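[1] below are the sequence and a predicted model; questions follow.
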Amino acid sequence: MADDADAKAGCERIFKRFDYNGDGKISLNELADALKALGSSSEEEVHQRMKEIDMDHDGFISLEELFAFQHANPHLMKEVIKKLSQ
């Protein structure tokens, strides 16, 4: 249970860091900027990640969608957290 709480807290930190304008959702541009900062700048990769994470297809990533993605891809999200901590 503590691991799940830690995972959710880490996800919230990532979300707040990616949500540059603080509107409670991550836009395609915010995701592109965040991925570029992490070393991924391919437009194709950005669109692929958005497609994977944006489950309701509204063009934005919510905290719940990011948490679901984290739950399904824990190793990938651990790498993101590691890169953000550097």
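    In hand now; what should we look at? This is a predicted model, so every value here is computed, not measured.
[2] give me the element the residue nearest the centre of the chain is part of.
    Note on the chain: the residue nearest the mean C-alpha position is residue 66, at 5.3 Å, using Cα atoms, centre = their mean. Following DSSP states H and E, one finds residue 66 within helix 63-72.
[3] correct me, but the residue nearest to the centre of the chain touches residue 8?
    No: Residue 66 lies out of contact with residue 8 (Cβ atoms under 8 Å); the separation is 10.2 Å. No exception for glycine: its C-beta is placed from N, CA and C like everyone else's.
[4] what pLDDT does the residue nearest to the centre of the chain get?
    Per-residue confidence (pLDDT) for residue 66: 93.
[5] how close does it get to residue 35?
    Note on residue 66: its distance to residue 35, by Cβ to Cβ, to the nearest Å, is 13 Å.
[6] quick one on the thing from earlier: can you point out the buried residues in the helix or strand just after the helix holding residue 66?
    The helix or strand immediately downstream of helix 63-72 is helix 74-85, counting by DSSP H and E. By 16 or more other Cβ atoms under 10 Å, the buried positions in helix 74-85 come out as 77, 80.
[7] cool, thanks, talk later.
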